[in-house]
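Visitor: Let me see the structure of the following:
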Amino acid sequence: MGLQKDQPVRTLQPIFGDRDDFIMEMWGLLWAKICSQPIKTAVLLRCPNYPAWSAYCKRLQLAVDCQEQVEEKLPWSLTDQWRGEQEREYLSLDMSHLSLAGQRLQHVWKPLGSDANCGASLRPELLPRLKSLLASTKLVPAPRVKDAAEKLLAKLQRNETAVGAPAQAQERSARYAELASVVHRTFDALEGENKGELLAAVLQQYADCVEDCIYRWEREIHNMHDLVTGETSGEGALDAEDEVLRVLYRKRRQMAESVLHHSKGANETADMHFESHFYASLHFGLAEQLTARRDPHRLTYLQLESRVRPDALQAKLFKDYVPARLRQTIREEVFESQSSGTQALREKITNWFSANIPVGFRANDTVEQRREAFLYQFCLLASAARVGPVDVGKGDDGAEG
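Guide: So this is what the prediction gives:
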């Protein structure tokens, strides 16, 4: 089909009606620029060659691959009202990220049965397991490495204090139990033939971190587990996408808890089975939904006038869970946050953006110019107008991100 310069304005007239003249003029200028040459599209419909069969096209969608981007500065700026309408019209929420099975595969949540403390008391102690592994693999490590690795395992087993570990013995024991569980799973994968070299690498890393803080312990223990098993267990081993999904998961959980407390107040109840009824009525990508559906007592509320309607709950949650809210959450929880670990996550996201710059984005600029423009003008600072200005290039310690 061919489009002439004067056609777009007439085409958009029924859509915008009696909008301001400057909006009509803007679209006219933009389309005149775009349509300076005809746009031609060919569509071929195929249908089975059976009697009475026909093909009917209800909607046509055109995907355009941008090879070069040219920016032209407009002599005016869009109003806030137009920005809001543009958001509602062109941005929609992709519900696939709410899949519980998908989130589990991306390490956003773990089922209760896989909790680190589950069955920890049934495990043998770490030191006898290490001795058994050394005998089965016939590995003879250096005395210094062996003694230091055993010292680390003994600290976990005896609940000894360490830099950064919780001061309360009960909290520290729970933290150590998680690490001991990871060590046990590492040893499980090392049982068998031809595992001596891997065991030597594991013991070397354990020995190197024995005198360091608990954060170093966690990093090395998880890294060795991932090396041996091929899985992903450590926080630092997650992809940027998985980390962002975790941030959004925590936000959804907070939103659901807020609506839950409001529903409890409206129904004047604090019954735990009401919570099961509440979460079982949701489809919001939360692990609590699976746990709640196992509670048979929640069905009691289906026979009562609980004033909890699943459709009303969904509408209330998704009214606030919109693209603008998601961007705001990422900015507040990652780019503006001073919490531990956010600097590493900022670097991950920045590196991911840098590796995924579109081919046609400022194709005539240098590599560094394209990267700076894409990161701080297109990806990050472009959405800052809604949330507020922030120096996204600075980390917790003031270093460049």
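
Visitor: out of all of them, which helix in the protein is the longest?
Guide: helix 240-267 (DSSP state H).

Visitor: Give me the contact list for the helix or strand just after that helix.
Guide: The helix or strand immediately downstream of helix 240-267 is helix 272-280, counting by DSSP states H and E. With contacts defined as C-beta atoms under 8 Å, 6 or more residues apart in numbering, helix 272-280 is touched by 256, 260, 263-264, 267, 286, 288-289, 291-293, 295, 297-302, 306, 308, 313. All C-beta atoms are positioned from the backbone trio N, CA, C, and that covers glycine.

Visitor: Where does the prediction get shaky in the stretch 1-150 of the chain?
Guide: Scanning the stretch 1-150 of the chain with the threshold set as pLDDT under 70 gives 1-58, 60-66, 74, 76-91, 111-123.

Visitor: rewinding a little: now the longest helix of the chain and helix 272-280, what's the angle there?
Guide: With axes from the mean of the first three to the mean of the last three C-alpha atoms, to 10 degrees applied, the angle from helix 240-267 to helix 272-280 works out at 130 degrees.

Visitor: ok, now how distant is the residue nearest to Lys251 when sequence neighbours are not counted from Ala149?
Guide: Among residues not flanking Lys251 along the chain, Thr329 sits closest, at 4.8 Å (C-beta to C-beta, 6 or more residues apart in numbering). Distance of Thr329 to Ala149, given as C-beta to C-beta, to the nearest Å: 42 Å.

Visitor: Tell me which of these two has more neighbours.
Guide: In this view Thr329 and Ala149 are compared by other C-beta atoms under 10 Å, and Ala149 has more residues nearby, 24 against 20.

Visitor: Within the helices and strands, which one has the more buried one?
Guide: helix 143-158.

Visitor: One more: Val183?
Guide: Val183 belongs to helix 169-190, assigned by DSSP H and E.

Visitor: per the record, what domains does the protein have?
Guide: Domains of the chain are assigned by automatic domain parsing as 1-64, 120-237, 240-320.

Visitor: returning to that earlier point: what's near enough to touch the residue nearest to Lys251?
Guide: 247-248, 251.

Visitor: and it, what pLDDT?
Guide: pLDDT recorded at Thr329 is 91.

Visitor: What's the separation between Asp147 and Thr186?
Guide: 19 Å.

Visitor: More neighbours: these two, which one.
Guide: Thr186 (23 against 12).

Visitor: How about the secondary structure of the residue lying closest to that one once chain neighbours are set aside?
Guide: Using C-beta to C-beta, 6+ apart and skipping the chain neighbours, the partner closest in space to Thr186 is His225 (4.6 Å). Classification of His225 by DSSP: H, G, I helix; E, B strand; the rest coil places it in helix.

Visitor: cool, and Gln69?
Guide: Put simply, Gln69 is coil when judged by three-state DSSP.

Visitor: pretty sure it is in contact with Gly360, am I right?
Guide: Yes - if you go by C-beta atoms under 8 Å, Gln69 and Gly360 touch, sitting 5.4 Å apart.

Visitor: OK, contacts around Val308?
Guide: Neighbouring residues of Val308 by C-beta under 8 Å, 6+ apart: 263, 267, 277-278, 281, 301.

Visitor: Which one of the residues you listed is nearest to Ala101?
Guide: Nearest to Ala101, judged by C-beta to C-beta, of those is Ser281 at 19.8 Å.

Visitor: I'd like to know how many residues surround that closest one.
Guide: Neighbour tally, Ser281, other C-beta under 10 Å: 23.

Visitor: neighbours of the residue lying closest to it once chain neighbours are set aside, just the number please.
Guide: Spatial nearest neighbour of Ser281, chain neighbours left out: Pro310 (4.1 Å); criterion: C-beta to C-beta, 6+ apart. Close neighbours of Pro310, defined as other C-beta under 10 Å, add up to 12.
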